[in-house]
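# give me a 3D structure for the following:
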Amino acid sequence: MSKSVFSSAIENSDWNRIEISAQSDDFIFSINNMLVYELTDDRQPTGALGVIIEIREKNPAKIWFDNFGFQNR
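Numbers count the residues shown, from 1 in each chain. You can find the predicted model right below:
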């Protein structure tokens with residue numbers, strides 16, 4: 001089951017902190033410490049880390065990364 005929350009979490013003219021917390025098959029997605037999405041998905045028990053960004057023609061954007069990190073706890 002998933003829960004989606006739409007909000008003004010993204011700062012258009014500033015840096016944004018994107019965080020994904022995964023524990024077992026539960027995932028929590030936060031932007032600037034604000035919960036934006038959570039879900040449970042047990043279809044793939046192991047995997048790798050990846051980032052996918054989709055930019056649509058109607059809403060062009062520039063994407064910059066600073067201090068990209070991974071913590072395994």
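
# name whatever forms a beta bridge with the residue most central in space within the chain.
Central residue of the chain (CA atoms, centre = their mean): Phe29, 4.7 Å from the mean position. Note on Phe29: beta-bridge partners by DSSP bridges are Ile20, Tyr37.

# how much space separates Glu11 from Ile31?
According to CB to CB, to the nearest Å, Glu11 and Ile31 sit 9 Å apart. No exception for glycine: its C-beta is placed from N, CA and C like everyone else's.

# of the two, give the one with the bigger neighbour count.
Using other CB atoms under 10 Å, the more surrounded residue of Glu11 and Ile31 is Ile31, with 17 against 11.

# and that one, how far from Pro45?
27 Å.

# likewise for Glu38?
On the measure of CB to CB, Glu38 and Pro45 end up 19 Å apart.

# again with Ile10
Separation of Ile10 from Pro45 (CB to CB): 31 Å.

# tell me which of these two has more neighbours.
Ile10 (12 against 7).

# isn't that one right next to Ile18, touching?
No: when contacts are counted by CB atoms under 8 Å, Ile10 is not listed as touching Ile18 (9.2 Å).

# what touches both of the two?
Between them, Ile10 and Ile18 share these contacting residues under CB atoms under 8 Å, 6 or more residues apart in numbering: Ile31.

# residues touching Asn16, list them.
If you count contacts by CB under 8 Å, 6+ apart, then Asn16 has 9-10, 31-32 around it.

# including secondary structure and distance to Arg56, could those residues go into TSV?
Formatted as TSV, these follow (DSSP: H, G, I helix; E, B strand; the rest coil; distance: CB to CB, whole Å):
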residue	secondary structure	distance to Arg56
Ala9	coil	19
Ile10	coil	15
Ile31	strand	18
Asn32	coil	22
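
# chain center to stretch 19-39: distance?
For stretch 19-39, the separation from the chain centroid amounts to 7 Å (computed by CA atoms, centre = their mean, to the nearest Å).

# buried sites along it?
For stretch 19-39, the neighbour count (16 or more other CB atoms under 10 Å) marks 29-32, 36, 38 as buried.

# and that stretch, what's its mean pLDDT?
Average pLDDT, stretch 19-39: 92.
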